[in-house]
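S.K.: Please find the sequence and the predicted model below.
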Amino acid sequence: MNLVQMAVEQEVTHLLEESVTVFQTILRKEPAYKSDYDVFFSRFKQIQEKCVSSASVQSLLWILGAFSDKVEQSIGLLQQHVSNYLNYDREVQLILLTTGIKMFLANPSDDSFIQELLQQASLKSPNPDVRQRGNFYWRLLSEDSHRA
């Protein structure tokens with residue numbers, strides 16, 4: 001965590017992006033929440049603004065989906081990505097779609113972003129894999145989002 005904190009403070013972008021990717025791997029292998037992670041979650045917005053590589057954005061989105069309850073204004077942060085959806089490559093679009101669905105299912109009352117996300121994925125994405133997954137999620141949620 002000290003490495004991430006140092007990278008944020010000193011604005012070393014490549015170090016920060018690699019640290020985020022490593023931190024995501026740690027969270028996947030050790031998903032139990034620890035208070036040491038609060039430093040990262042409290043600076044999530046700052047970290048997100050500095051990460052531009054595809055791998056680091058994917059890692060940030062995965063973390064946002066898995067720990068949205070720990071990140072302040074997680075829906076707002078996700079909406080920033082949704083508005084730039086078509087500018088991302090296929091891998092980022094897919095993980096953004098998965099993260100959006102995770103966050104919607106965790107809190108179905110806040111549906112301000114899900115309609116736009118599904119429309120972009122299903123109707124506007126030039127990639128057939130993204131469109132197919134978007135259509136799958138759209139059909140799944142249109143049936144009964146409470147059962148999903």
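M.R.: It's in. Numbers count the residues shown, from 1 in each chain.
S.K.: Report the contact partners of residue 31.
M.R.: Residue 31 makes contact with residue 66, according to C-beta atoms under 8 Å, 6 or more residues apart in numbering. For every residue, glycine as well, the C-beta is placed using N, CA and C.
S.K.: mind checking the SS state of it?
M.R.: Secondary structure, DSSP: H, G, I helix; E, B strand; the rest coil: residue 31 is coil.
S.K.: What pLDDT is listed against residue 6?
M.R.: Looking at residue 6, its pLDDT stands at 69.
S.K.: swap in residue 13?
M.R.: 82.
S.K.: Hmm, residue 56 and it touching each other?
M.R.: No: counting by C-beta atoms under 8 Å, no contact exists between residue 13 and residue 56, whose distance comes to 9.1 Å.
S.K.: With neighbour numbers in mind, choose between these two.
M.R.: Neighbour totals were compared for residue 13 and residue 56, and residue 56 leads with 22 against 14 (other C-beta atoms under 10 Å).
S.K.: and that one, how far is that from residue 92?
M.R.: 10 Å (C-beta to C-beta, to the nearest Å).
S.K.: now stretch 33-51: how far from the chain's centre is it?
M.R.: 13 Å (C-alpha atoms, centre = their mean, to the nearest Å).
S.K.: would you put the C-alpha positions of it in PDB?
M.R.: Below are the C-alpha coordinates for stretch 33-51, written out as PDB (Å, rounded to 0.1, in the frame of the first residue of the first chain):
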ATOM      1  CA  TYR A  33     -11.300  -6.900   3.300                       C
ATOM      2  CA  LYS A  34      -8.500  -5.400   5.400                       C
ATOM      3  CA  SER A  35      -8.300  -2.000   6.900                       C
ATOM      4  CA  ASP A  36      -4.900  -1.500   5.200                       C
ATOM      5  CA  TYR A  37      -6.800  -1.100   1.900                       C
ATOM      6  CA  ASP A  38      -8.600   2.000   3.100                       C
ATOM      7  CA  VAL A  39      -5.600   4.100   1.900                       C
ATOM      8  CA  PHE A  40      -6.300   2.900  -1.700                       C
ATOM      9  CA  PHE A  41     -10.000   3.200  -1.500                       C
ATOM     10  CA  SER A  42      -9.900   6.700  -0.100                       C
ATOM     11  CA  ARG A  43      -7.700   7.800  -3.000                       C
ATOM     12  CA  PHE A  44      -9.600   5.900  -5.700                       C
ATOM     13  CA  LYS A  45     -10.700   8.900  -7.600                       C
ATOM     14  CA  GLN A  46      -7.200  10.400  -7.700                       C
ATOM     15  CA  ILE A  47      -5.800   7.100  -8.800                       C
ATOM     16  CA  GLN A  48      -8.500   6.600 -11.500                       C
ATOM     17  CA  GLU A  49      -7.700  10.000 -13.000                       C
ATOM     18  CA  LYS A  50      -4.000   9.100 -13.400                       C
ATOM     19  CA  CYS A  51      -4.500   5.600 -14.900                       C
END
